[in-house]
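*Asks:* dropping a prediction and its sequence here:
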2 protein chains.
Amino acid sequence: MTGTGRTTITGLRGAFLSEGFFILGTVPLETITSVAEMKRWAKLHSAAGKSIGLVPTMGYLHEGHVSLMRRGRRENDLLAASIFVNPTQFGPSEDLSTYPRDLEADSLKCASVGVDALFMPEPGDVYGPGFQTYVDVLEVSEPLCGASRPGHFRGVATVVLKLINTVAPTNIYFGMKDFQQLQVINTMVRDLDVDVNVVPCPTVREADGLAMSSRNSYLSPDERRQAVCLHHALHEAKKLFDAGERSPERYLRVMADRITREPAAQPDYVSLVHPETLRSLEEVDDSALAALAVRVGRTRLIDNMVFHRNNPANKPV
Amino acid sequence: MTGTGRTTITGLRGAFLSEGFFILGTVPLETITSVAEMKRWAKLHSAAGKSIGLVPTMGYLHEGHVSLMRRGRRENDLLAASIFVNPTQFGPSEDLSTYPRDLEADSLKCASVGVDALFMPEPGDVYGPGFQTYVDVLEVSEPLCGASRPGHFRGVATVVLKLINTVAPTNIYFGMKDFQQLQVINTMVRDLDVDVNVVPCPTVREADGLAMSSRNSYLSPDERRQAVCLHHALHEAKKLFDAGERSPERYLRVMADRITREPAAQPDYVSLVHPETLRSLEEVDDSALAALAVRVGRTRLIDNMVFHRNNPANKPV
């Protein structure tokens, strides 16, 4: 780390982007470790009328993150990514200290996708002495992961607002695997008049359907095989929706049955809720979000699927 | 109100500004009643590289507000003021519905000082359907008015952040009469990396020393005479500080005694705290904030004074 909080490495832009094609030449990836320096970078480019995309991450980047970066690269003049394992969104008994990290591999991935600025601040710089301000998004933070992880979404909303205020992005990218997180951010941005466009991006999956997650690295080979039960459970719920099933209990039973068939899998929650308010449904109608959190061994995994009846003709009578 | 949420009146810019001098000609004061329109106005001028000053108020403007506007007029290319009696900062038994209003007089004052845009949004536009996001500044919101008015500073911090995000000001102006409010905003801006310069402005007083406040209009003539006791109590504390008094209890007793000498005055709190953390002092050293809330009849008034030993030679040995 330099005294100014800036270092630059170069990467082959487009090396991971293009299929059977690669762009000659290198582009600089600027690594910024101080909040003040990140603000200067953002101000410089905003003042020049450039659009900035931001992909906030906790690192240990996988193809899900990379898909957000590819989209951010296409849609903005400049692309920033952040890697920050945010302490305020971890509970006291959670995996903050063991969260997987590989900054070297992450930097190469960012450089390859064409990230212009990689922001990797220290916790003591993000949360300075006397820090005491939090953003609370109330209703949509309460159910699902909010019930299992008290304070989690307060930490998420707070750090995301801080990142938005630091980087001043035109567009900010979130994966739909963390669907509740996306709705917490959407609600915060709407309620606090935050000037940013929130871009939801589809979940990226392994070949067997397991949603990509940095926490998948915790799984033993046997747990890894069983972990696909989340995806299968959601697909069974989708079949019910397509068949016009209206009783939420039916969906919940089918999903729980599929999960508990795996010996290492223990549901944390199995829910069917409204995709925007995240309130439990009394009856399934035009749209629903099936959301799961499951412990596979000691690893907590989440996944979800949104169901929509786009065509009114499909609506069950 | 027009369909676009914009109206324009003209006023004599500088009529209240200059002494024995007045500027010929009129300048337009744009009145903006919609949040979306205010954002458009701010974006237009920010993109053109103009600095914007913002004076947030609850209206019923007095010379204290006008002093903030004069300063904002001098320090920015464009000046916006807001009038919004913010429901989320009033408790259920407080004076939201009876808070004094005079929009016509307020508009003329704004036009005279040279405000470019007067933002007067409707509560239902500021807090839309499903609103559920709040900013909590913890420690500095707890003592003083925070203890007497639970939720008050949550409402203040939330609406001020919303105004900042809407108007995108370079500078935002607050009077020091509401000293705790100023420190709540300073803390929020620091902790959430908000890109704005918070400008504290000295309390403006009536001839006898009573701090100007819209709520002074509630006082009967007899109460008005007694209300000066806040100012007198603070001055007696100042005398103690100048004499090197170190015991907080001494200050508190002297201030309480001065207040309770007035038959209509009942202290809500009498405090001596650290000017930044607002924590109670165990011993008075280099600086202190004396802060008071007093009910005069049914009207709750606040005032404060900051004491600093600027010159080390003044320090008692």
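*Replies:* That came through fine.

*Asks:* residues near A:Gly114, how many?
*Replies:* 23 (other CB atoms under 10 Å in any protein chain shown). The C-beta positions use only the backbone N, C-alpha and C, and glycine is treated the same way.

*Asks:* which non-adjacent residue is nearest A:His232?
*Replies:* A:Arg258 (5.5 Å; CB to CB, 6 or more residues apart in numbering or on different chains).

*Asks:* how many neighbours does the one you found have?
*Replies:* A:Arg258, neighbours per other CB under 10 Å, totals 21.

*Asks:* tell me the SS of A:Ser107?
*Replies:* helix (DSSP: H, G, I helix; E, B strand; the rest coil).

*Asks:* I figured it was touching A:Ala117, is that so?
*Replies:* No - look at A:Ser107 against A:Ala117 with CB atoms under 8 Å: they stay out of range, at 11.8 Å.

*Asks:* residue contacts, the residue nearest to A:His232?
*Replies:* A:229, A:232-233, A:236 (CB atoms under 8 Å, 6 or more residues apart in numbering or on different chains).

*Asks:* ok so A:Val55 is a strand residue?
*Replies:* Yes - A:Val55 sits within a strand when classified using three-state DSSP.

*Asks:* and the nearest residue to A:Asn197 once chain neighbours are set aside, what are its bridge partners?
*Replies:* Excluding the flanking residues, the one nearest A:Asn197 by CB to CB, 6+ apart is A:Asn171, at 4.8 Å. Note on A:Asn171: beta-bridge partners by DSSP bridges are A:Gly53, A:Asn197.

*Asks:* and if you look at the one 4 residues further on?
*Replies:* Beta bridges link A:Gly175 to A:Cys201, judged by DSSP bridges.

*Asks:* ok, the nearest residue to A:His45 once chain neighbours are set aside - how many residues close by?
*Replies:* Using CB to CB, 6+ apart and skipping residues adjacent in sequence, the residue nearest A:His45 is A:Leu78, 5.4 Å away. Counted with other CB under 10 Å, the neighbours of A:Leu78 add up to 24.

*Asks:* A:Asp195 too?
*Replies:* Around A:Asp195 there are 17 residues (other CB under 10 Å).

*Asks:* also A:Ala227?
*Replies:* 26.

*Asks:* I'd say it and A:Val296 touch.
*Replies:* Yes - with contact defined as CB under 8 Å, A:Ala227 counts as touching A:Val296 (4.8 Å).

*Asks:* are there residues contacting both of those two? Which ones?
*Replies:* Common neighbours of A:Ala227 and A:Val296 (CB under 8 Å, 6+ apart) are A:219, A:265.

*Asks:* what residues does the residue nearest to A:His45 make contact with?
*Replies:* Counting by CB under 8 Å, 6+ apart, the residues that A:Leu78 touches are A:45, A:50-53, A:116-117.

*Asks:* looking at the residues you listed, point me to the pair that's furthest apart.
*Replies:* A:Ser51 and A:Ala117 (13.6 Å; CB to CB).

*Asks:* who has more neighbours, those two?
*Replies:* Between A:Ser51 and A:Ala117, counted using other CB under 10 Å, the more crowded position is A:Ala117 (25 against 15).

*Asks:* residues contacting the nearest residue to the more buried one once chain neighbours are set aside?
*Replies:* Nearest residue to A:Ala117, sequence neighbours excluded (CB to CB, 6+ apart): A:Ala80, at 4.4 Å. A:Ala80 is in contact with A:38, A:41-42, A:52-55, A:115-119, A:167, A:169, counting by CB under 8 Å, 6+ apart.

*Asks:* from those residues, which two are the most distant?
*Replies:* A:Trp41 and A:Val55 (15.3 Å).

*Asks:* show me the shaky parts of chain A.
*Replies:* A:1-5, A:7-27, A:311-317 (pLDDT under 70).

*Asks:* now do the SS call for A:Gln180.
*Replies:* helix.

*Asks:* list the contacts of it.
*Replies:* A:140-141, A:143-146, A:153, A:278, A:291.

*Asks:* how close does it sit to B:Asp136?
*Replies:* 20 Å (CB to CB, to the nearest Å).

*Asks:* before we move on, what about A:Pro200?
*Replies:* For A:Pro200, the distance to B:Asp136 - CB to CB - is 27 Å.

*Asks:* more crowded one of the two?
*Replies:* B:Asp136 (18 against 14).

*Asks:* name the helix or strand for A:Asp268, please.
*Replies:* Take DSSP states H and E as the rule and A:Asp268 turns out to sit in strand A:265-273.

*Asks:* show me the contact partners of that strand.
*Replies:* Contacts for strand A:265-273 (CB under 8 Å, 6+ apart): A:143-144, A:147-148, A:226-227, A:229, A:233, A:237, A:248, A:251-252, A:255-256, A:259-260, A:279-281, A:284, A:288-296, A:300.

*Asks:* one more pass at 7 Å, please.
*Replies:* A:143-144, A:148, A:226, A:229, A:248, A:251-252, A:255-256, A:259-260, A:279-281, A:284, A:288-296, A:300 (CB atoms under 7 Å, 6 or more residues apart in numbering or on different chains).

*Asks:* report the buried members of these.
*Replies:* With burial judged by 16 or more other CB atoms under 10 Å in any protein chain shown, the buried subset of the contacts of strand A:265-273 is A:143-144, A:226, A:229, A:248, A:251-252, A:255-256, A:259, A:281, A:284, A:288-294, A:296, A:300.

*Asks:* which of these come close to chain B?
*Replies:* With the criterion set as CB under 7 Å from any CB of the partner chain, no member of these is near chain B.

*Asks:* just checking, which of those residues belong to helices?
*Replies:* Counting by DSSP state H, the part of the buried ones among the contacts of strand A:265-273 found in helices is A:144, A:226, A:229, A:248, A:251-252, A:255-256, A:259.

*Asks:* farthest pair within the residues you listed?
*Replies:* Maximum distance among these (CB to CB): 25.6 Å, for A:Gln226 and A:Pro248.

*Asks:* around chain B, pick out the residues from chain A.
*Replies:* A:35, A:131-139, A:161-162, A:165-166, A:187-188, A:191-195.

*Asks:* circling back: so which of the contacts of A:Leu78 are in strands?
*Replies:* A:52-53, A:117 (DSSP state E).

*Asks:* all helices for chain A, in order.
*Replies:* A:35-47, A:63-75, A:103-113, A:123-126, A:144-148, A:152-167, A:179-191, A:221-226, A:229-242, A:248-260.
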